[in-house]
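Colleague: when you get a sec, could you give me coordinates for this:
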Amino acid sequence: MPLSFVLADWPRPALTLQGSPDLFPVRRVFCVGKNYADHAREMGSDPEREPPFFFSKPADALVPGGGDIPYPSATSNLHHEVELVLALKEGGASLAPENAWGCVWGVAVGLDLTRRDLQAAAKAKGQPWDMAKGFDASGPVAP
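Modeller: Alright, predicted model coming up:
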C-alpha cells in the first residue's frame, strides 16, 4: 500500500556527475574535523593531542556543481574550507582500513562553509555546531 504524506514530499538530494546526465543520490553527509594538522593548529588545537572527530551536515545542505551559494543569514563571519569528498557505494561500519577504498564510488572537491561566529559561541557553551555547519547551501560540491 503506497504511503500518503500530509505534505508534498521533497526531492531527494543528489549530486551532478562530470560528463554525465546521471545523478549520485545522497543519503547522509559525514564530515571529519581536525583531520588537517595545519588547520587544527590555526583553530587553536594540538593535532598531536586531539584526534579527529566526526560531525554531519544535512544532505539537503549540499549544492550541486555550478549552483549559486547565497550568503547565509545570522552571520558576519563566514569561512570556507576546501575538502576532499568521497562518495560511498556501500556501507563501511567496522571496516578494516585496507578495505576502505573498496567502498568508494567516486571523489570530488567540496567546500565546508562555516558560520565561525556561531561556531565559536556554540563551542564556548559546549553545544553542538549544527547551526554553524548545517545551514542551507553549506556544502557546495563540484561535479
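
Colleague: going by C-alpha atoms from here, please, whenever you check contacts or count neighbours.
Modeller: Fine.

Colleague: phi, psi of residue 23?
Modeller: In terms of degrees, to the nearest 10, the main-chain angles of residue 23 are phi -120, psi 150.

Colleague: could I get the phi/psi values of the nearest residue to residue 111 once chain neighbours are set aside?
Modeller: Among residues not flanking residue 111 along the chain, residue 82 sits closest, at 4.7 Å (CA to CA, 6 or more residues apart in numbering). When quoted as degrees, to the nearest 10, the phi and psi of residue 82 stand at phi -80, psi 130.

Colleague: please tell me how far residue 82 sits from residue 21.
Modeller: Using CA to CA, to the nearest Å, residue 82 is found at 25 Å from residue 21.

Colleague: the two: who's more crowded?
Modeller: residue 82 (12 against 7; other CA atoms under 10 Å).

Colleague: so that one touches residue 112, yeah?
Modeller: Yes. Taking contacts as CA atoms under 8 Å, residue 82 lies within contact range of residue 112: 6.5 Å.

Colleague: so the nearest residue to residue 89 once chain neighbours are set aside, which state does it fall into?
Modeller: Using CA to CA, 6+ apart and skipping the chain neighbours, the partner closest in space to residue 89 is residue 105 (5.0 Å). What DSSP: H, G, I helix; E, B strand; the rest coil gives for residue 105 is strand.

Colleague: show me what contacts residue 105?
Modeller: By CA atoms under 8 Å, 6 or more residues apart in numbering, the residues touching residue 105 are 86-89.

Colleague: mind giving me the ChimeraX select for those residues, buried ones only?
Modeller: Selection of buried members from the contacts of residue 105 for ChimeraX, criterion 16 or more other CA atoms under 10 Å:
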select :86,87,88
